[in-house]
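> pasted the sequence and its predicted model underneath.
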Amino acid sequence: MRFSIFHALGAPGRLGEYAAVMDEAREFACAADAAGYWSVWYTEHHFGHEGYEITPNPVLMGADIAARTRNIRIGQAAAISTFWHPLRLAEDIALLDQLSGGRVEVGVGRGLYGREALNLNSAADPRDQEQNRALFDEGLEIMTKAWKGDFFDHKGRFYEFPAPGVKWEHPLSPPSEEFMADGEISRLAVVPRTLQRPHPPLWQVIDSPRSIASAAESGIQGLFWLPPVSALKSRFELYRDRASEAAGREFALGEGIGLVRDVYVADTMEQARRDFEESLLTTYKWVTHWRGLSNLMEEGEEPTPDHRLSFDFLHPRNLLVGTPEYVAEKIHELRTELNLEHLLLWTTHPGLEHAKAMRSLELFTEKVMPRFANGGEG
C-alpha cells in the first residue's frame, strides 16, 4: 500500500511570517521523504488573505521540494489547469519533471471558487459548468499533445496553436515541413520534453459521477477526499467499471485511485482530539461554507437541519484521528471495503502547531505504516 502526504498549506494569522511557514512545509516533506512516503502533493489557491489556503503555485512549490528531497514523488493536488495558459503549464511541468529526475505526478482540477477564476481566467467561471468543463478538457488535450510529440498544432474552441500568420526565417533555424508551411510557423514544439515518456502520470480531483466517469474513460487516475466509506464505494465502483470498459481489461476496485484522509496520530484518543480538533474544523468550516455537508453523508443519507458540523459529526464518517491502533483499524477498513491502494495523509491543517504535525507524522511512520508493509493488512 502507498502512503503519501497531502499538503494544503494554511497559516491563519501568520501571513507575515510566510517564509517560516514554508520552512515548516519543507521540514515536513523532507521527513516524509526520509521515512519512505511515496509522494507529496501541493494545492493551488489564490487571494487567500484569510490565511487558510496560501499556496498559489504547486509547480513552483514542487520544484523547491524536489531540490531538497531524493526519492519522494512530487504531485499537484491540484494545479487548476483552467486558470493557466495550457502551454505555460505544460512547459513548467515538463521542466519540473526534468529537474526532479522524473518524479512528477501531474494532478489537475477545474477550479471551485469564483473569486479565483474570475480574476485569473474568466472563461473558467465555475458558474458556467459546461464552459468550465470544455475549457478543462481542451487545456488537458493541449498539454498532452505538447508532451507527446516533437511538433504539434491545435485548433479548438478556446485556443489555436501556433497563432496564424507568424512568419519565420532565421539562418540557425533551417526551414522544415515539420514546423513550417508557406514561410509561416505551422507547428510548435515544447521544450523541454518531460523526462517520463510519453508524459508523467495524470491525476484529477474528482467527486461527481460525471467527473469520475470522464477521468476513468480518459485513463486519468482519480483523487477523492470527503465522503465516508459507504458513499465512496459506489464512486470507486463507477471508476472501476468505466476504466475497465475504456481500457478493455478488468480494473480492480481501488486501482488508479488515491484517497485523501484527515490523519492525526497521538498517544491517546483524547490527546489526538485535543491537538487536532480546532485546526481540522477550521478547514471544514471554510470548505463546507461552499460545499455544504452533502459530501459527508453516508450512502442513502440526506442532510437535515440536525446535521451540524463538529468533530463528533466528522469522526465516525471520515477521520483517521486517534491512537496508532485506531488509525490502523480505520485504514484496514478502507482496505477491506474499498481495496484502497493509495492513502494521502492530510495532517497539516491551518493552525496546527508544527511540532505536533511532525510528531503525528513520526507516530504514523513508526507505528502505523509498518503494519501495511509487504502486503500487511494492519
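Now that the structure is in, tell me what you want to look at.

> just checking, what packs against the helix or strand that Pro316 is a member of?
Using DSSP states H and E, the element containing Pro316 is helix 311-318. Identification of packing neighbours for helix 311-318 by 3 or more CB pairs under 8 Å, 6 or more residues apart in numbering; DSSP states H and E yields strand 257-265, helix 269-291. Any C-beta I mention is one placed from the backbone N, CA and C, and that applies to glycine too.

> what about the longest one, distance to the chain center?
Averaging C-alpha coordinates over helix 269-291 and over its chain gives two centres that are 20 Å apart (CA atoms, centre = their mean, to the nearest Å).

> can I get the CA coordinates of that helix in CSV?
Taking Å, rounded to 0.1, in the frame of the first residue of the first chain, the C-alpha atoms of helix 269-291 are listed here in CSV:
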residue,chain,number,x,y,z
MET,A,269,-7.7,9.3,21.6
GLU,A,270,-8.2,12.3,23.9
GLN,A,271,-4.9,13.9,23.1
ALA,A,272,-5.5,13.4,19.3
ARG,A,273,-8.8,15.2,19.5
ARG,A,274,-7.4,17.9,21.8
ASP,A,275,-4.4,18.6,19.4
PHE,A,276,-6.3,18.4,16.1
GLU,A,277,-9.9,19.5,16.5
GLU,A,278,-9.5,23.2,16.2
SER,A,279,-7.3,23.2,13.0
LEU,A,280,-9.4,20.5,11.4
LEU,A,281,-12.6,22.3,11.9
THR,A,282,-11.0,25.5,10.6
THR,A,283,-10.6,23.7,7.3
TYR,A,284,-14.1,22.2,7.3
LYS,A,285,-15.8,25.5,8.2
TRP,A,286,-14.0,27.0,5.2
VAL,A,287,-14.9,24.4,2.6
THR,A,288,-18.3,23.4,3.8
HIS,A,289,-19.5,27.0,3.6
TRP,A,290,-19.2,26.5,-0.2
ARG,A,291,-20.0,22.8,-0.4
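
> compute the inter-axis angle for it and helix 311-318.
For helix 269-291 against helix 311-318, the angle by axes from the mean of the first three to the mean of the last three CA atoms, to 10 degrees is 90 degrees.

> helix 269-291 to strand 257-265, inter-axis angle?
If you take the same axes, to 10 degrees, helix 269-291 sits at 130 degrees to strand 257-265.

> just the strands from the stretch 51-200 of the chain, written as ranges.
73-76, 79-80, 104-109, 154-155, 160-161, 180-181, 184-185 (DSSP state E, counting those that start in this stretch).

> looking at the ones you listed, which is closest to Gly375?
strand 73-76 (21.2 Å; CB to CB).

> how about that closest one as PDB, C-alpha atoms only?
Extracted C-alpha coordinates of strand 73-76, given in PDB (Å, rounded to 0.1, in the frame of the first residue of the first chain):
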ATOM      1  CA  ARG A  73       7.400  11.900  -5.900                       C
ATOM      2  CA  ILE A  74       6.100  15.400  -6.500                       C
ATOM      3  CA  GLY A  75       2.400  16.000  -7.200                       C
ATOM      4  CA  GLN A  76      -0.100  18.800  -7.600                       C
END
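
> pLDDT on it, on average?
Regarding strand 73-76, the rounded mean pLDDT is 98.

> which residues does that strand contact?
The contact list for strand 73-76, computed with CB atoms under 8 Å, 6 or more residues apart in numbering, reads 4, 38-44, 58-59, 62, 65-66, 96, 100, 103-108, 203.

> how about it, which residues are buried there?
Within strand 73-76, the residues that count as buried by 16 or more other CB atoms under 10 Å are 73-76.

> residues in contact with the closest residue to Arg110 other than its chain neighbours?
The shortest distance from Arg110 to any non-neighbouring residue, by CB to CB, 6 or more residues apart in numbering, is to Phe136 (4.6 Å). With contact set as CB under 8 Å, 6+ apart, Phe136 has these partners: 81-82, 108, 110.

> can I see the domain layout of this structure?
Domain assignment for the chain by the TED database gives 1-20+42-149+193-205, 150-189, 209-377.

> if anything else comes up later, I'll come back, but that's it for now.
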